[in-house]
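>>> here you go, sequence then predicted model.
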Amino acid sequence: MEIHKAGVRPTRQGRKEYFTGTVWQDPVIEAPAPARVMALRVAFAPGARTAWHTHPLGQTLHVLSGVGLVGRRGEAPQVIRPGDTVWIPPGEEHWHGAGPDTAMVHLAIQEGLDGQFADWLEKVSDDDYLRAAQ
């Protein structure tokens, strides 16, 4: 058993090549093999978002606070709110982040396959991001 005390592991800023805007990540868990789970608490400033990406074994998002958006390739983004949980199947191209005028914090949970948790693609265009949300 391992206990990770709050405030011991540093918050890190999201890498510029994978995010637009200001994003902060706090590790929750990256379990050692044979387990494959990784979870992060991710805080997005208004307008901040991920780049397009996929996950080899899918991803679960659970919104903790604020109002955000999640989009999949070819569709208008969906609004997500506190308490909402989103399942993204393996290989589905998607993005997620805060609304244009609201911050959002979510828990991101994914499993790695051969040590790979995500495949990063191009950044989300302003047109895709600002498309009328459903």
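Everything's here; your move. Nothing here was measured: the structure is a model prediction, and the numbers come from that model.
>>> spell out the residue ranges of the strands in the protein.
In chain order, the chain shows strands spanning 12-13, 19-20, 23-30, 37-44, 49-50, 53-54, 59-66, 68-72, 78-80, 85-88, 94-98, 104-111, 119-120, with DSSP state E as the criterion.
>>> by contact count, what packs against the third one?
Spelled out, that is strand 23-30. In this structure, strand 23-30 makes packing contacts with strand 12-13, strand 37-44, judged by 3 or more CB pairs under 8 Å, 6 or more residues apart in numbering; DSSP states H and E. Just so you know, the C-beta spots here come from the backbone N, C-alpha and C atoms, and that holds for glycine as well.
>>> identify, out of those, the most deeply packed stretch.
By mean neighbour count, with neighbours taken as mean count of other CB atoms under 10 Å, strand 37-44 ranks first of the helices and strands packed on strand 23-30 at a mean of 20.
>>> relative to strand 59-66, how tilted is it?
Inter-element angle recorded for strand 37-44 and strand 59-66: 30 degrees (by axes from the mean of the first three to the mean of the last three CA atoms, to 10 degrees).
>>> with just CA atoms, put strand 37-44 into CSV.
These are the backbone C-alpha positions of strand 37-44, laid out as CSV (Å, rounded to 0.1, in the frame of the first residue of the first chain):
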residue,chain,number,x,y,z
VAL,A,37,-4.2,3.2,-14.4
MET,A,38,-3.2,6.8,-14.4
ALA,A,39,-5.3,9.6,-13.1
LEU,A,40,-4.8,13.4,-13.0
ARG,A,41,-6.7,16.3,-11.6
VAL,A,42,-6.6,18.9,-14.4
ALA,A,43,-7.5,22.6,-14.0
PHE,A,44,-8.2,24.6,-17.2
